[in-house]
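Trainee: with the sequence up front, the predicted model follows.
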Amino acid sequence: MMDLLPSSGLTFFDTLRAEDETAWLGQFFVPPQGFETMRGMRSVIVFGEDGCGKTALRLRLIESARE
């Protein structure tokens, strides 16, 4: 699968959507500051412009909880 990926994972987010790319998302996800706090049992509000990574963050938090 890695043969199909471009050298920079960031180029994926120019045209693809995190909602549809769950198979490889964890390989390129860069946790934001406060990620460990978000993994805990507290409420966190995440906001930002379209395409800034909110869905990627949500999907990674879900995957992290399963681990």
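Mentor: Arrived safely, thanks for sending. None of the values given here were measured: they were computed from a predicted structure. Numbering: from 1, shown residues only.

Trainee: next secondary structure after the helix or strand of the chain with the lowest mean pLDDT?
Mentor: Within the chain, no helix or strand scores below helix 22-28, which has a mean of 72 by mean pLDDT, DSSP states H and E. Downstream of helix 22-28, the next assigned helix or strand under DSSP states H and E is helix 35-39.

Trainee: measure the nearest residue to residue 26 once chain neighbours are set aside to residue 50 for me?
Mentor: Of all residues not flanking residue 26 in the chain, residue 63 sits nearest, at 5.9 Å (CB to CB, 6 or more residues apart in numbering). (C-beta placed from N, C-alpha, C; glycine too.) According to CB to CB, to the nearest Å, residue 63 stands 22 Å off from residue 50.

Trainee: neighbour count: these two, which is higher?
Mentor: The residue with more neighbours, out of residue 63 and residue 50, is residue 63; 13 against 6, by other CB atoms under 10 Å.

Trainee: any idea how far that one is from residue 38?
Mentor: 13 Å.

Trainee: for residue 23, same thing?
Mentor: 22 Å.

Trainee: tell me which of those two has more neighbours.
Mentor: Between residue 23 and residue 38, counting by other CB under 10 Å, residue 38 is the more crowded of the two (18 against 8).

Trainee: ok, for that one, nearest residue in space, not its chain neighbours?
Mentor: Using CB to CB, 6+ apart, the closest residue to residue 38 is residue 44 (5.0 Å).
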